[in-house]
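>>> Have a look; sequence and predicted model below, questions after that.
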Amino acid sequence: MRPRENYTPFITAGLSLTLAILATFQVYIWREPTRIQAVEVADRLAAETAGRNLYADNCAACHGENGEGKTGPALNSQQLLKATADEMLFNLIRTGVPGTTMPAWGQSFGGPFTDEQVRQSVAFIRAWEPTAPELTEEVAAPDPGHGAMIFANTCRICHGENGQGTDRAPALNDPVRLKEFEDAWYRSTIAHGRPAKGMPTWGTVLSPAQINDLVALLAAWREGQTVTPIIPFTRHLSNALFAVRQFDQLDAVFYLSAALTQANSQQAEEIQVALDLIKGNHLAEAEARLVGLLPPEEMGKELFATNCAPCHGADGTGGLGKTLHNSRFIQSKGDDELIAFLLAGRRGTAMDGFEDILTPEELSYIIGLMRTWQK
């Protein structure tokens, strides 16, 4: 009879090895959250560092070196950072803010930043929140006149001139309809949109102050008031001239009709002649009338305000871009060279070319303005 084999040492060794593996796995599981947290912290710090460099090179000129605000609003603010989610900051940087000096920075909207660079900028701005000061900045009251200007530029295409409605969207300038809902409902609807009905989400494009101005306009319409957009006379004329050159008769008539309300008697006569020429489809003659009505220096100011001031400042003294006063570069170039430069732009910077935006003639007006800033 063979003796029975003793498997106890093997069982004991196997059990011990199993327990050791389980213990090691438990230690790994226990340490994994710490490891993940360390990786996340490292990633966040790397993003903040990259964002700091992007901010210093591109944002500090307008918003201040420490986000304290300059020509642009303060970003290092407890109120702003608590009320604004990262997604909102991302969208505002990416798309810019229409009607302000804040340009679009995302490449999808013509800017120089990739989405990753926009996220890095957001990470850097968000890092201010724990120590951001409580700012008691005076907030301007909502202005229906500003709201009318925003409406004319962004809402009129669907809701019609003066909110009278089109086949695309309902009339808004209707006191009975406006009384069905309170201001808070309209504010929320503008911000979040109504995608199923074709209403875009404007909260990622317009600032809260601009939305408040639009709501103030609706409140004025609710009371049956007539609100005139706060748009300079020369801006109406330059917009009309652009529309004529784009063969857009409807917009040209719209802008000239608005200019009529601000014109003196002599200007009104010229504008009426231009209107009659446009309605008769004589666009070349209408263009000549408008060019004669708007002095070159005024045309230069209006074109500069629309296309250049967001970066170079309203008076050309600099901001995001360099000052244009007493510029050696401008002084060393002829008009044709400057026009070629402006059409092409400067690669690797926020200075995009204007080839598809402005004509050489329009650029000549801007150059004429810049010449007045040189010694």
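Everything's here; your move.
>>> right, and the helix or strand after the top helix by length along the chain?
If you go by DSSP state H, the chain has its longest helix at helix 8-58. Using DSSP states H and E, the helix or strand that follows helix 8-58 in sequence is helix 60-63.
>>> That following helix - what's its average pLDDT?
When pLDDT is averaged along helix 60-63, the result is 81.
>>> Determine how far that helix lies from the middle of the whole chain.
In terms of Cα atoms, centre = their mean, to the nearest Å, the centre of helix 60-63 is set 15 Å apart from its chain centre.
>>> Just the residues contacting whichever helix or strand comes after it, thanks.
Using DSSP H and E, the helix or strand that follows helix 60-63 in sequence is helix 78-83. Outside helix 78-83, the residues within contact range by Cβ atoms under 8 Å, 6 or more residues apart in numbering are Pro73, Ala74, Leu75, Ile125, Arg126, Trp128, Glu129, Ala132, Pro133, Glu134, Leu135. Any C-beta I mention is one placed from the backbone N, CA and C, and that applies to glycine too.
>>> By neighbour count, which of these wins?
Highest neighbour count within the contacts of helix 78-83, by other Cβ atoms under 10 Å: Ile125, with 25 neighbours.
>>> pretty sure that residue contacts Phe90?
No: the criterion here is Cβ atoms under 8 Å, and Ile125 misses it with Phe90 at 10.2 Å.
>>> Just to be careful, could you list which of the contacts of helix 78-83 are in helices?
Ile125, Arg126.
>>> Now do Leu206, the pLDDT please.
Note for Leu206: predicted pLDDT of 79.
>>> Then Trp185?
For Trp185, the predicted pLDDT is 92.
>>> Likewise for the one 10 residues further on?
pLDDT, Pro195: 84.
>>> And it, how far from Thr201?
Distance from Pro195 to Thr201, counting by Cβ to Cβ, to the nearest Å: 7 Å.
>>> Look at the two and report which has more neighbours.
Thr201 (14 against 9).
>>> From Ser188, how far off is that one?
11 Å.
>>> before we move on, back to that, relative to Glu302, which of the contacts of helix 78-83 is nearest.
Using Cβ to Cβ, Pro73 comes nearest to Glu302 of the contacts of helix 78-83, at 24.7 Å.
>>> re the thing from before, please tabulate the contacts of helix 78-83 in TSV, including the columns pLDDT.
Formatted as TSV, the contacts of helix 78-83 follow (pLDDT from 0 to 100):
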residue	pLDDT
Pro73	84
Ala74	88
Leu75	92
Ile125	94
Arg126	93
Trp128	92
Glu129	91
Ala132	89
Pro133	89
Glu134	85
Leu135	76
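>>> Of the contacts of helix 78-83, which is the nearest to Ser16?
Nearest member of these to Ser16, counting by Cβ to Cβ, is Arg126, at 50.1 Å.
>>> Might one say that the closest one is in contact with Leu89?
Yes: assessed by Cβ under 8 Å, Arg126 is found in contact with Leu89 at 7.5 Å.
>>> need the contact list for Gln164.
By Cβ under 8 Å, 6+ apart, the neighbours of Gln164 are Ala171, Asn173.
>>> again, 10 Å this time
Applying Cβ atoms under 10 Å, 6 or more residues apart in numbering to Gln164 gives the contacts Arg156, Ala171, Leu172, Asn173, Asp174.
>>> Model confidence for it, exactly?
89.
>>> Show me where the stretch 1-150 of the chain dips below the pLDDT cut-off.
Scanning the stretch 1-150 of the chain for pLDDT under 70 picks out 1-7, 10, 25, 27-28, 31-33, 35-36, 39, 71, 98-101, 136-139.
>>> quick one: average confidence on the one helix or strand Phe242 maps to?
Using DSSP H and E, Phe242 falls within helix 233-245. For helix 233-245, the mean pLDDT works out to 82.
>>> As PDB, could you dump the C-alpha coordinates of it?
The C-alpha atoms that make up helix 233-245 are tabulated as PDB, following Å, rounded to 0.1, in the frame of the first residue of the first chain:
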ATOM      1  CA  PHE A 233     -24.900 108.300 -39.000                       C
ATOM      2  CA  THR A 234     -21.600 107.500 -40.700                       C
ATOM      3  CA  ARG A 235     -21.900 103.900 -39.700                       C
ATOM      4  CA  HIS A 236     -25.300 103.700 -41.500                       C
ATOM      5  CA  LEU A 237     -23.700 105.200 -44.600                       C
ATOM      6  CA  SER A 238     -20.700 102.900 -44.600                       C
ATOM      7  CA  ASN A 239     -22.900  99.800 -44.100                       C
ATOM      8  CA  ALA A 240     -25.100 101.000 -47.000                       C
ATOM      9  CA  LEU A 241     -22.100 101.400 -49.200                       C
ATOM     10  CA  PHE A 242     -20.900  97.900 -48.300                       C
ATOM     11  CA  ALA A 243     -24.400  96.500 -49.100                       C
ATOM     12  CA  VAL A 244     -24.400  98.300 -52.500                       C
ATOM     13  CA  ARG A 245     -21.100  96.800 -53.400                       C
END
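>>> Now the element after that helix, going C-ward?
Toward the C-terminus, helix 233-245 is succeeded by helix 249-260 as the next helix or strand (DSSP H and E).
>>> still on that earlier bit, could you export the contacts of Gln164 as TSV, including distance to Ala284 and secondary structure?
Converted to TSV, the contacts of Gln164 look like this (distance: Cβ to Cβ, whole Å; DSSP: H, G, I helix; E, B strand; the rest coil):
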residue	distance to Ala284	secondary structure
Arg156	27	helix
Ala171	36	coil
Leu172	36	coil
Asn173	35	coil
Asp174	40	coil
